[in-house]
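Asks: What would the 3D arrangement of this be:
(4 chains)
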2 protein chains.
Amino acid sequence: MVTISDVARRAGVGEGTVSRVLNDSPKVSPATRGKVLEAIDALDYRPSALARGLSTGRFSTIGVVIPFFTHASAFERLRGVAAALHDAPYDLVLFNVESPIHRAEQFASLTGRAGTDGLLVMSLPPPATELARLVARDVPVVLVDARGDGVPTVLIDDVEGGRIATRHLVELGHRRIAFIGDDPDNALGFTSSTHRERGYREVLAEAGEPDRPELVRHGAHDRAVASRLADELLALPERPTAVFAASDVQATGVLEAARRAGLEVPRDLSVVGFDDIELSEYLGLTTVHQRLYDSGELGMRLLLDALADGTPPAPVVHDLPLRLVERRTTCPVGGARPGPTARRRRATKGASTT
Amino acid sequence: MVTISDVARRAGVGEGTVSRVLNDSPKVSPATRGKVLEAIDALDYRPSALARGLSTGRFSTIGVVIPFFTHASAFERLRGVAAALHDAPYDLVLFNVESPIHRAEQFASLTGRAGTDGLLVMSLPPPATELARLVARDVPVVLVDARGDGVPTVLIDDVEGGRIATRHLVELGHRRIAFIGDDPDNALGFTSSTHRERGYREVLAEAGEPDRPELVRHGAHDRAVASRLADELLALPERPTAVFAASDVQATGVLEAARRAGLEVPRDLSVVGFDDIELSEYLGLTTVHQRLYDSGELGMRLLLDALADGTPPAPVVHDLPLRLVERRTTCPVGGARPGPTARRRRATKGASTT
DNA sequence: TTGAAAGCGTTACCAC
DNA sequence: GTGGTAACGCTTTCAA
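Replies: As a prediction, the model looks like this:
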């Protein structure tokens, strides 16, 4: 491996001078700069980012902590992140958290890496102690879809999202509304599903409905699992007329189950999801739209700004709006009054069969 | 920042001993190990991966070079990569190449980073000189969906894929078959589209069809662009009866254009794509299935094996199979003899309208 | 079994 | 402007 001292020797200059040329410091004469450049070229020298990092304490690297980045919603966020990062001078290190190892340890090892200039953490509430350590070390941190003290945060109001979805169903006359969401005590500590469930409960309570525990099911955030849970719901003596799934992925599982049960959506069963991933548009899924792409982009932009400023980022909480996107999987209870989109709705059935 | 010497001092031992404990070397007495561990704990010490890397020349990091990782097909590959990497002791550094800067330079800076133990390169033929340098440096490299000398490679036969798609259309009686693909001289150097186009040409020639340059269109790998190109094709005096798009993303654009033109797919226009991304199943798109997920998984596994062995990986070429997936966007020319899937086919139209 | 010290490849400070 | 040299935090001989 050819090092800076090889270059220095070959150019007949000192190491410091080579370094100055590399970082195009103003204080170097055109003549020497030429010699150095020539030597660099001749030797085909490449500076070691590692050594530079060790020396400067800066690494040209941003870490993104993202659980299950293979999930559609995480991926959407990542697209926004990539866009914001576009030609920023940072490499992207992806920490794909999937295993429910002790989160604290996991996180410790991440922050311990000491190789990232900034950290973007998604959907995973970082342990307070780790967060504190990072802040103490002046490593800017931005949270997306997770709460934490003292750092900028990009959030949505999941409770309100749950209310929006449920309210939609209630307004359509539904009362036996089921809920399918993540395990509340999932090892990774996701909370969005639980918050959405709270919104669901609130709206039902406001509508004067009693608690019906048998209509609420929890499982892993997974299409197949949700599908199985939906099977159970649909086999209930008193079947729900609508299902609110805590995510579009899970809603997709519900649609599958409905098909298996020979139910027509939305006539026999209304389904509302959450997220509005790309697929949902094609499926015609009614869902609560959240700005996944924007959340990633904004989060990364906040981080880059902080990095550029050199100042710790202001702990502002950015609240991204939600809105209901009404498509073709919800209709009034009983399938009455199909509404203006009836034709499309009818076509859906065949198409979602594949 | 607390360093190894802080720990050493506190534990009343030498730095070397602390290092040995850290790397659980066998040669350290339980007593001292205990003292060191205690000090580490008390000081909440975290080793710097950077310094370790500089010292050992190994970095616990794997680089993945992937152009447009936000594209559906790239993402599918990445899912496989993540799966294979699951709990391997490596961090994933993602190099998302999007800008058509000089590829060589780009690559140079990547390899120059000198911070990755291995490199997985996707869809981007690395410049031979850079490849050689990496091999010389004993950095294992695996190529997926790209060709290069002397390194393991995971490939598909794109030419054959083009043949499969086109043959399907020819067998359905189509003759005026259009092609939409990437610019052959795209700045990044992708070649798959061009190869697929070659297969297309071969089959047409075998069928005794003359070259019809007006039926072949090139543009950026993008749904909107493909859609515009399809507009042109569909406005031709002698409209094609079928379109083979070099990717599902582009095929989606064709479907849009058909809808705009008031054409019913497949009755008025057959469409075949390539890749079989997740969306295609929902769209009912007939396409050539390639094992995207598997390609990423296999590529990463080859890399990890090489890393584990310490030996340069054997330059084996793994050829992943292709197969036609017939769905609901192709039928015999003229829409005759709709075949067994007719009912579904009819439903398609409404569903793809959103 | 352990401590001391020489690297690893840069940068940054201090003289000249 | 430029060269020399101490860091940066760790691993790895080499002696003891």
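Asks: could you say which helix or strand contains the spatially most central residue of chain A?
Replies: Most central in chain A under Cα atoms, centre = their mean is residue A:74, positioned 3.8 Å from the mean C-alpha point. Using DSSP states H and E, residue A:74 sits within helix A:72-84.
Asks: what mean pLDDT does that helix have?
Replies: Mean pLDDT, helix A:72-84: 93.
Asks: Please save the CA atoms from the next helix or strand along the chain from it in PDB.
Replies: Next helix or strand after helix A:72-84 toward the C-terminus (DSSP H and E): strand A:91-97. Extracted in PDB, the C-alpha atoms of strand A:91-97 (Å, rounded to 0.1, in the frame of the first residue of the first chain):
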ATOM      1  CA  ASP A  91     -21.100   7.500   3.100                       C
ATOM      2  CA  LEU A  92     -24.100   5.800   4.300                       C
ATOM      3  CA  VAL A  93     -23.700   3.000   6.900                       C
ATOM      4  CA  LEU A  94     -26.900   1.000   7.300                       C
ATOM      5  CA  PHE A  95     -27.600  -0.600  10.600                       C
ATOM      6  CA  ASN A  96     -30.400  -3.000   9.900                       C
ATOM      7  CA  VAL A  97     -31.800  -4.000  13.200                       C
END
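Asks: Correct me if wrong: residue A:215 contacts residue A:240.
Replies: Yes - here residue A:215 reaches residue A:240: they are 5.6 Å apart, a contact under Cβ atoms under 8 Å. No exception for glycine: its C-beta is placed from N, CA and C like everyone else's.
Asks: list the residues that contact both of these two?
Replies: Listed as contacting both residue A:215 and residue A:240 by Cβ atoms under 8 Å, 6 or more residues apart in numbering or on different chains are A:176, A:177, A:178, A:233.
Asks: and the residues you listed, which of them are in strands?
Replies: Using DSSP state E, the members of those that fall in strands are A:177, A:178.
Asks: now the shared contacts of residue A:215 and residue A:240 in CSV, with distance to DNA strand D, neighbour count and pLDDT?
Replies: What follows is those, written out as CSV (distance: Cβ to the nearest atom of the strand, whole Å; neighbours: other Cβ atoms under 10 Å in any protein chain shown; pLDDT from 0 to 100):
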residue, distance to DNA strand D, neighbour count, pLDDT
A:176, 59, 17, 97
A:177, 54, 26, 98
A:178, 52, 27, 98
A:233, 53, 23, 98
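Asks: tell me which of the shared contacts of residue A:215 and residue A:240 is nearest to residue A:219?
Replies: Closest approach between those and residue A:219, by Cβ to Cβ: residue A:233, at 11.6 Å.
Asks: Closest residue of the stretch 251-354 of chain A to DNA strand C?
Replies: DNA strand C sits closest to residue A:310 of the stretch 251-354 of chain A, with a gap of 13.2 Å, by Cβ to the nearest atom of the strand.
Asks: For stretch A:186-196, what is the distance to the chain centroid?
Replies: Stretch A:186-196 has its C-alpha centroid displaced from the chain centroid by 13 Å (Cα atoms, centre = their mean, to the nearest Å).
Asks: buried residues in it?
Replies: For stretch A:186-196, the neighbour count (16 or more other Cβ atoms under 10 Å in any protein chain shown) marks A:186, A:188, A:190, A:191, A:192, A:193, A:194, A:195, A:196 as buried.
Asks: got the angle for the longest helix that chain A contains vs helix A:72-84?
Replies: The helix spanning the most residues in chain A, taking DSSP state H as the definition, is helix A:292-309. Angle, helix A:292-309 to helix A:72-84, by axes from the mean of the first three to the mean of the last three Cα atoms, to 10 degrees: 40 degrees.
Asks: what's in contact with helix A:292-309?
Replies: Taking Cβ under 8 Å, 6+ apart as the rule, helix A:292-309 contacts A:62, A:73, A:76-85, A:88, A:90, A:117-120, A:122, A:140-145, A:152, A:154, A:156, A:275-277, A:312-313, A:318, A:320.
Asks: mind listing the helices for chain A?
Replies: A:4-11, A:15-22, A:30-43, A:49-56, A:72-84, A:103-112, A:128-136, A:158-171, A:192-206, A:223-234, A:248-260, A:278-283, A:292-309, A:342-352.
Asks: check whether the third one contacts DNA strand D.
Replies: Yes - taking Cβ under 7 Å from any atom of the strand as the criterion, helix A:30-43 and DNA strand D are in contact, through A:31, A:32, A:33.
Asks: Next, the buried residues of that helix.
Replies: Within helix A:30-43, the residues that count as buried by 16+ other Cβ under 10 Å are A:32, A:33, A:35, A:36, A:39, A:40.
Asks: Quick one: mean pLDDT for it?
Replies: Averaging pLDDT along helix A:30-43 gives 94.
Asks: contacting residues for the closest residue to residue A:94 other than its chain neighbours?
Replies: Nearest residue to residue A:94 in three dimensions, chain neighbours excluded: residue B:92, at 4.8 Å (Cβ to Cβ, 6 or more residues apart in numbering or on different chains). Residues counted as contacts of residue B:92 (Cβ under 8 Å, 6+ apart) are A:93, A:94, A:95, A:96, B:61, B:62, B:64, B:81, B:82, B:85.
Asks: if I look at residue B:92, how far off is residue B:117?
Replies: 12 Å (Cβ to Cβ, to the nearest Å).
Asks: Show me whatever sits in contact with both of these two.
Replies: Joint contacts of residue B:92 and residue B:117 (Cβ under 8 Å, 6+ apart) are B:61, B:62.
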